[in-house]
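**Student:** Sequence first, then the predicted structure, then my questions.
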Amino acid sequence: MRKTVLIDAFPDSAFRHREGAAVACIDVMLATTTLVTAVAQGRRTLLAASHAELRAIVARLGPALVAGRLEDAAPGEFELPDSPSALPRWSEDKRPLVLASEPGTNLIANAVSSGPVLVASFRNLSATAAALADYERVALLCAGSRGEFSCEDQMAAAWIAEQLLDQGFEAVDRRTADTVRRWSGAAPALAGWGNSAAQLCRAGRAEEVDFVIAHVDDVDHSCRCEADEVFLEQFPVGVRCAREGLDR
């Protein structure tokens, strides 16, 4: 049985993989890292792709910790930014998290009407690869940043794809194979030199970059999105990323 893996990019890419493929959505800076961090805390976690979706979810839930950023946000609409580094400081607050963070939550929202949708970041690379290994077709979708195929998303996708290739998967196209070769053996700290990291640092948010780089493969569960909610998969994954530099 031929198993394949493909790396694609940007929110609209989700529409190309709606039938037959298991999908992992990746927005390392910052949406998927925030979502994985929240569910790893044991917090109920939901996502929205627009103001209307955000308001509808909050109306349904009641009290919620609303986080993220959207264009034309109303004053006070967000209690927190899309900030994985802030969540540990809010661990005593048990309200559900509702995240709206472009383009990552848009990518996930576009993908959820298809087959299985996982949420991946640096934090759960091996767990995501292990969960995807049971499927015949896998698409790793990178959100990117401002229309750019961002380096940190490429890195996460490449490292997940590399584990699948080691298990007998085949790269669908040359871009997938080239992306894996480019980032194989790279240090996670290289994510700090990308344009997304530079934008965050200019905005005074360097702690987010530091958090992403410091938390690599430290969550032993994959995360699945169903409708507008993200769940921690119930089975723990003992496999660790064999690539040097991805230890805890």
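**Tutor:** Nice, I can see it.
**Student:** need the next SSE after the lengthiest helix in the chain, C-terminal direction.
**Tutor:** The helix spanning the most residues in the chain, taking DSSP state H as the definition, is helix 151-166. Note on helix 151-166: by DSSP states H and E, the next helix or strand toward the C-terminus is strand 170-171.
**Student:** thinking Ala120 is in contact with Ile160, fair?
**Tutor:** Yes. Counting by CB atoms under 8 Å, Ala120 touches Ile160, with 6.4 Å between them. Just so you know, the C-beta spots here come from the backbone N, C-alpha and C atoms, and that holds for glycine as well.
**Student:** higher neighbour count, these two?
**Tutor:** More crowded of Ala120 and Ile160, by other CB atoms under 10 Å: Ala120, with 32 against 28.
**Student:** For that one, give the beta-bridge partners.
**Tutor:** Taking DSSP bridges, one finds Ile26 as the beta-bridge partners of Ala120.
**Student:** Make 78 the first number, not 1, from now on.
**Tutor:** All set: I'll call the first residue 78, so the last point we hit is now Ala197.
**Student:** If I look at Thr81, what pLDDT would I see?
**Tutor:** In this prediction, Thr81 carries a pLDDT score of 97.
**Student:** Can you get me a residue count around it?
**Tutor:** As a burial measure, Thr81 scores 17 neighbours (other CB under 10 Å).
**Student:** and the residue nearest to the spatial centre of the chain, how far is that from Gly153?
**Tutor:** Centrality entry for the chain: nearest residue to the mean C-alpha point is Thr109, 3.0 Å, by CA atoms, centre = their mean. The gap separating Thr109 from Gly153 is 26 Å, by CB to CB, to the nearest Å.
**Student:** residue contacts, the residue nearest to the centre of the chain?
**Tutor:** Residues counted as contacts of Thr109 (CB atoms under 8 Å, 6 or more residues apart in numbering) are 102-103, 181, 185, 196-198, 220.
**Student:** and of those, the nearest to Gly281?
**Tutor:** Nearest to Gly281 out of the contacts of Thr109 is Gly181 (CB to CB; 20.6 Å).
**Student:** Is the closest one in contact with Asp104, as I believe?
**Tutor:** Yes. Counting by CB under 8 Å, Gly181 touches Asp104, with 2.8 Å between them.
**Student:** list the residues that contact both of these two?
**Tutor:** Joint contacts of Gly181 and Asp104 (CB under 8 Å, 6+ apart) are Ala220.
**Student:** Where do the strands of the chain begin and end?
**Tutor:** Counting by DSSP state E, the chain has strands at residues 81-86, 99-103, 122-124, 142-146, 174-178, 194-197, 214-219, 247-248, 300-303, 306-309.
**Student:** and the second one, C-alpha only, in CSV?
**Tutor:** In CSV, the C-alpha atoms belonging to strand 99-103 read as follows (Å, rounded to 0.1, in the frame of the first residue of the first chain):
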residue,chain,number,x,y,z
ALA,A,99,-5.6,13.4,6.8
VAL,A,100,-4.6,17.0,7.4
ALA,A,101,-2.3,18.7,9.9
CYS,A,102,-2.5,22.5,10.2
ILE,A,103,0.6,24.4,11.2
